[in-house]
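# Got a predicted structure plus its sequence, pasted below:
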Amino acid sequence: MTKGVIVPLETARLIEYAIPVACYICEGQNNFDAEYCRDCSAPMALAHQANATKAAPTMVAAMGVSGVGKTVYLGMLMDMLSRGASQTRLLARGAFSINLQQTTVGALARCGFPEKTPNEPDRWNWVHCQVRGVRLRQPLDLIMPDMAGEALLEEMDHPHSFRVIGSFLQKCSGALLLVDALKILEGGQEQEFFTMKLTSYLGELGSRGRNVWGRRPIGIVFTKADQCEECMEDPEGFAKAHAAGLWEQCWQRFPVHRFFASGVAGYCAWRDTYDEGRVQVPLRIEPRGIIEPFAWLLDMVRKSCR
Ligand SMILES: Nc1nc2c(ncn2[C@@H]2O[C@H](COP(=O)(O)OP(=O)(O)OP(=O)(O)O)[C@@H](O)[C@H]2O)c(=O)[nH]1
Ligand SMILES: [Mg+2]
Ligand SMILES: [Zn+2]
């Protein structure tokens with residue numbers, strides 16, 4: 001006797017593949033089960049989560065050359081906001097949004113700094129979170145990636161080499177531009193050249209869309225100011241005195257801007273390592289000026305969205 005069994009028709013599953021899901025960053029079409037966008041390598045979780053929310057998430061960028069301190073700054077910011085240390089509070093959306101905070105705080109707790117961010121966009125940490133603050137009437141959904149400085153520079157030198165950066169910056173509502181205060185003091189011009197490249201790159205991007213970058217808010221944050229008291233006390237005066245080119249660029253190209261100074265380490269020392277040579281290690285963590293630039297940026301973004 002043959003027993004009757006019900007065998008599901010496997011081909012029916014193909015129907016799910018017939019409905020594409022658009023990447024939230026580049027709008028490229030992907031299969032419903034793709035983990036990263038096949039065009040720009042942004043995580044597809046952003047698209048799935050954005051589809052589930054009523055208001056479209058706002059995007060803000062943190063930019064700066066490699067080694068300026070983007071990962072340290074963003075990781076510390078996420079940690080401080082998620083612990084409710086200020087009036088602005090943050091709630092991560094999706095487990096992947098906690099990786100940046102975990103990597104940074106984990107490294108600082110072991111008296112070290114996090115590793116350099118890899119160039120491949122599918123290895124960047126993206127943060128999708130909900131921000132609540134006294135000045136925000138409604139909670140704000142926010143997307144912010146920790147991009148690699150070298151990838152940013154490559155995209156500026158050769159536009160379209162990193163599609164994710166171009167698409168993301170086109171949709172951004174504002175940005176924090178991180179500048180290394182110590183390199184400025186040493187007289188290096190790398191930071192000013194980066195700003196010049198960035199302003200011309202953003203100028204080109206804006207002309208294609210309605211919302212030109214000249215009208216979006218940019219907070220210029222001097223990092224490593226824990227080692228430079230002059231910068232901590234008066235960031236704009238520091239820019240005027242030591243980085244006149246950068247100061248001039250900001251006044252000319254970004255009408256909505258403000259200078260800030262931040263520092264994460266209280267005291268640093270040098271350690272000789274077997275594989276990396278001499279590296280700087282934080283002996284004490286004393287975050288200063290971390291939340292102010294972000295809170296200002298959100299305030300400006302909120303005003304420009306009205
Ligand atoms: N003293 C001091 N040093 C810092 C601070 N933030 C970062 N640094 C130093 O700067 C280095 C680079 O910091 P990262 O946050 O990894 O730099 P990044 O901008 O993410 O660099 P890429 O990932 O290559 O783009 C660290 O290893 C530290 O040595 C700070 O607040 N104070
Ligand atoms: Mg980094
Ligand atoms: Zn994409």
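Here it is on my side, so go on. Residues are numbered from 1 along each chain as shown. Ligands and ions are numbered 1, 2, ... in the order given.
# Which residues of the protein lie near ligand 1?
64, 66-72, 113-114, 116-117, 148-149, 223-224, 226-227, 263-265, 268, 280 (C-beta under 6 Å from any ligand atom). Heads up, the C-betas are built off the backbone N, CA and C, glycines and all.
# which of those residues come close to ligand 2?
70, 71, 117 (C-beta under 5 Å from the ion).
# now these as CSV including neighbour count?
Shown next, in CSV, are these (neighbours: other C-beta atoms under 10 Å):
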residue, neighbour count
70, 25
71, 25
117, 21
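# And the average pLDDT for stretch 184-198 is what?
Averaged across stretch 184-198, pLDDT comes to 89.
# Run through who's touching stretch 273-285.
Stretch 273-285 has contacts (C-beta atoms under 8 Å, 6 or more residues apart in numbering) with 108, 111-113, 264-272.
# Actually, stretch 84-91.
Counting by C-beta under 8 Å, 6+ apart, residues outside stretch 84-91 touching it are 78, 80-82, 129-134, 291, 294-295, 298.
# Could you identify the least confident member of these?
residue 134 (69).
# can you list the ones next to ligand 2 among the residues of the chain next to ligand 1 in TSV and add secondary structure?
Putting those into TSV (DSSP: H, G, I helix; E, B strand; the rest coil) gives the following:
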residue	secondary structure
70	helix
71	helix
117	coil
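# Closest one of those to ligand 3?
residue 117 (18.8 Å; C-beta to the ion).
# give the contact list for that closest one.
With contacts defined as C-beta under 8 Å, 6+ apart, the neighbours of residue 117 are 70, 71, 123, 124, 125, 146, 147, 148, 149.
# all helices of the stretch 51-200 of the chain, in order?
Listed in chain order, the helices of the stretch 51-200 of the chain (DSSP state H, counting those that start in this stretch) span 70-82, 99-109, 149-157, 163-171, 181-186, 190-208.
# buried sites along stretch 233-252?
235, 236, 238, 239, 242, 243, 246, 247, 249, 250 (16 or more other C-beta atoms under 10 Å).
# From ligand 3, how far out is the closest residue to ligand 1 within the stretch 201-306 of the chain?
Nearest residue of the stretch 201-306 of the chain to ligand 1: residue 264, at 3.4 Å (C-beta to the nearest ligand atom). Separation of residue 264 from ligand 3 (C-beta to the ion, to the nearest Å): 32 Å.
# And the next helix or strand past whichever strand or helix holds residue 237?
Secondary structure from DSSP states H and E places residue 237 in helix 235-242. Toward the C-terminus, helix 235-242 is succeeded by helix 244-253 as the next helix or strand (DSSP H and E).
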